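*Asks:* need a structure here:
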Amino acid sequence: MNILYRIYHYCIAAPIVLVLTIITCLITIVCCLFNSDYWGYYPAKWWGRAMCFFFGVRVKVENRKLIDRNSAYVFVANHQGAYDIFSIYGYLGHNFKWMMRKGLNNFPLVGWACQMAGHIMVDTHSPRGIVKTMSDAKKRLAKGMSIVVFPEGRRTDDGKIHEFKHGAFRLAKEFGLPIVPITINGSYKVMSRTMFHVEPGTITLTIHEPIQPEEFGTIQDLIQQSLDAITSSLEE
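*Replies:* Below you'll find the predicted structure:
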């Protein structure tokens, strides 16, 4: 069974999703010239679902009723593996912009599509880069757009959750936007940082009660509350 899946993985699923990725990027690049908020999200939403479908990854979302699709939030989630991106894109059910590493700009088509879609490129290599990152994020939030952040900054190496960076929480506090913690389970087994293939499995997104930043005196208190919410549903 494992050998048959590997043949399917590399000979059928991989070529299909490669073509779908190219098509999604081209649609996003062209159509975002007219409306980046719509076309920067919906083609990628169906691309994310296709990435899960063709590789046998099932996604479950718990407590979706806790969020209002017409409200803006700062979503923060733990980062287990590559399929965190596809599962959130495909199944969160809420329009948003990513805060993502600037290095993704270097990927042909994908990087261009991300720029045209208006995602926020995080540059922490210089003070000027940090200032620009925060400025871009503030522009998006000022327009009422939600953002999704992995506050650990990178995928975990060992499956455990690691220290959260402050940027997203500062933005939420400055704009008075609710923070919505999301616990991701199962993504580490599907495709961790060190894996070069996808293992079929189930990923669960657990949405937690929105946290009102004005109820917390310090950024660190806000981070701790979000971290506690995420770890409360995190599987061993």
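*Asks:* Apart from its chain neighbours, what residue comes closest to residue 121?
*Replies:* residue 102 (4.2 Å; C-beta to C-beta, 6 or more residues apart in numbering). All C-beta atoms are positioned from the backbone trio N, CA, C, and that covers glycine.
*Asks:* Now for the one you found: which residues touch it?
*Replies:* By C-beta atoms under 8 Å, 6 or more residues apart in numbering, the contact set of residue 102 is 121-123, 129.
*Asks:* Equivalent analysis for residue 24, please.
*Replies:* Contacts for residue 24 (C-beta under 8 Å, 6+ apart) come out as 43-44, 46-47, 113.
*Asks:* Apply 7 Å and report the result again.
*Replies:* Residue 24 makes contact with 43-44, 47 under the criterion C-beta atoms under 7 Å, 6 or more residues apart in numbering.
*Asks:* Name the member of those residues with the most neighbours.
*Replies:* Top of the contacts of residue 24 by neighbour number is residue 44, holding 24 neighbours under the definition other C-beta atoms under 10 Å.
*Asks:* To which secondary structure element is that residue assigned?
*Replies:* Using DSSP states H and E, residue 44 falls within helix 42-54.
*Asks:* And the contacts of that helix?
*Replies:* By C-beta under 7 Å, 6+ apart, helix 42-54 touches 13, 16-17, 20-21, 24, 27-28, 59, 86-87, 89-90.
*Asks:* so where do the helices sit in this structure?
*Replies:* Using DSSP state H, the helices assigned to the chain run over residues 2-8, 14-31, 36-39, 42-54, 83-91, 110-117, 127-142, 167-175, 187-190, 219-232.
*Asks:* Lowest average confidence across helices and strands of the chain, where is it?
*Replies:* helix 127-142 (a mean of 78; mean pLDDT, DSSP states H and E).
*Asks:* and that helix, C-alpha only, in PDB?
*Replies:* Backbone C-alpha positions of helix 127-142 (Å, rounded to 0.1, in the frame of the first residue of the first chain) are rendered in PDB as follows:
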ATOM      1  CA  PRO A 127      15.400  48.100  11.400                       C
ATOM      2  CA  ARG A 128      14.100  49.500   8.100                       C
ATOM      3  CA  GLY A 129      12.600  46.200   7.100                       C
ATOM      4  CA  ILE A 130      10.800  45.800  10.500                       C
ATOM      5  CA  VAL A 131       9.400  49.300  10.100                       C
ATOM      6  CA  LYS A 132       8.100  48.600   6.600                       C
ATOM      7  CA  THR A 133       6.600  45.200   7.700                       C
ATOM      8  CA  MET A 134       4.600  46.900  10.500                       C
ATOM      9  CA  SER A 135       3.600  49.700   8.200                       C
ATOM     10  CA  ASP A 136       2.200  47.300   5.600                       C
ATOM     11  CA  ALA A 137       0.400  45.400   8.300                       C
ATOM     12  CA  LYS A 138      -1.200  48.500   9.700                       C
ATOM     13  CA  LYS A 139      -2.500  49.500   6.200                       C
ATOM     14  CA  ARG A 140      -4.200  46.200   5.800                       C
ATOM     15  CA  LEU A 141      -5.700  46.300   9.300                       C
ATOM     16  CA  ALA A 142      -6.900  49.800   8.800                       C
END
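*Asks:* What helices and strands are in contact with that helix?
*Replies:* Contacts defined by 3 or more C-beta pairs under 7 Å, 6 or more residues apart in numbering; DSSP states H and E place helix 127-142 against strand 120-122, strand 146-149, helix 167-175.
*Asks:* Endpoint to endpoint, stretch 139-154 covers what distance?
*Replies:* In stretch 139-154, first residue to last residue: 24 Å (C-alpha to C-alpha, to the nearest Å).
*Asks:* which intervals of this structure have sub-threshold pLDDT?
*Replies:* Applying pLDDT under 70 to the chain picks out residues 1, 124-126.
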